[in-house]
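**Student:** Need a 3D model of the following:
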Amino acid sequence: MAIKKFDKNTLKRLFFDYILKYYKFRFIIVIILVIATALASVASSLFIENLIDDYISPMLKDSTPIFTPLLKALSVMAIIYMVGVVSNYIYQRMMSRIAQRNIESYS
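**Tutor:** Sure, this is the predicted structure:
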């Protein structure tokens, strides 16, 4: 079985003649949601480092720690995770619906 060479024209036709013609708005929303998911993932990774360095380590040295700043930081972290989860769910759902419509149209 011969391996077919990558065809740029097919990709251009698929993207410009099909995706941007019928799903332009959804495609833009999906791109925005993918970026939001990636930013939330990066922010959560960086936030854990700051959480340990700025909140948890100083509290270990105190004899009577105050948990209010830590709780505020954890709630911000929870919001960041929720933004990532919700945007990931929405763009996965939108892409699966687009794929399902394509399969139905070719059946």
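
**Student:** Can you give me the neighbour number for residue 51?
**Tutor:** 17 (other CB atoms under 10 Å). In short, each C-beta sits where N, CA and C put it, glycine included.

**Student:** Could you report the distance from the nearest residue to it once chain neighbours are set aside to residue 41?
**Tutor:** Closest residue in space to residue 51, ignoring its immediate chain neighbours: residue 73 at 5.7 Å, by CB to CB, 6 or more residues apart in numbering. In this structure, residue 73 and residue 41 are 18 Å apart, going by CB to CB, to the nearest Å.

**Student:** Residue 86 too?
**Tutor:** For residue 86, the distance to residue 41 - CB to CB - is 13 Å.

**Student:** so which helix or strand takes in residue 41?
**Tutor:** Element membership for residue 41 (DSSP states H and E) is helix 24-51.

**Student:** Would you mind listing the buried residues in the helix ranked longest in the chain?
**Tutor:** Ordering each helix of the chain by length in residues (DSSP state H) puts helix 68-106 first. In terms of neighbour count (16 or more other CB atoms under 10 Å), helix 68-106 has its buried residues at 70, 73, 77, 80, 83-84, 87-88, 91, 94-95, 98.
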